[in-house]
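Chemist: Test case, fold it:
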Amino acid sequence: MITSIHALIYSDDVDATRAFLRDVLEFPFVNDGGTDDGSSTGWLIFGTGPSELAAHPTRSEWQGQVYESPRHVELS
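Modeler: Next up is the predicted model:
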């Protein structure tokens, strides 16, 4: 039986996506201050009942390596 999911939204404008989830849909969230992706809102993890939802950028850099991903949604 599935009781919860972890959903990821990959967005070209991750700040706008996170702001929409936070300000328009008013999803409750926690800010993971341990991750610095350069966005103004930081990494927000949204609570959606027993599940959670996060928005990730389609392009990021880490330790000099560029990572790119198409816009998509992942469920796990």
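
Chemist: For the spatially most central residue of the chain, list the residues it contacts.
Modeler: What sits nearest the mean C-alpha location of the chain, by CA atoms, centre = their mean, is residue 55, with 1.8 Å. Going by CB atoms under 8 Å, 6 or more residues apart in numbering, residue 55 touches 8-11, 14, 17-18, 21, 44. All C-beta spots, glycine's among them, are computed from the backbone N, C-alpha and C.

Chemist: do the same with residue 45
Modeler: 29-32, 52-54.

Chemist: so what's it bridging to?
Modeler: residue 30, residue 54 (DSSP bridges).

Chemist: Quick check: buried residues in the least confident helix or strand in the chain by mean pLDDT?
Modeler: Counting by mean pLDDT, DSSP states H and E, the weakest-scoring helix or strand in the chain turns out to be strand 29-32, with a mean of 76. By 16 or more other CB atoms under 10 Å, the buried positions in strand 29-32 come out as residue 29.

Chemist: If you count contacts, what does that strand end up packed against?
Modeler: The contact analysis (3 or more CB pairs under 8 Å, 6 or more residues apart in numbering; DSSP states H and E) places strand 29-32 against strand 43-48.

Chemist: Brilliant, that's me finished.
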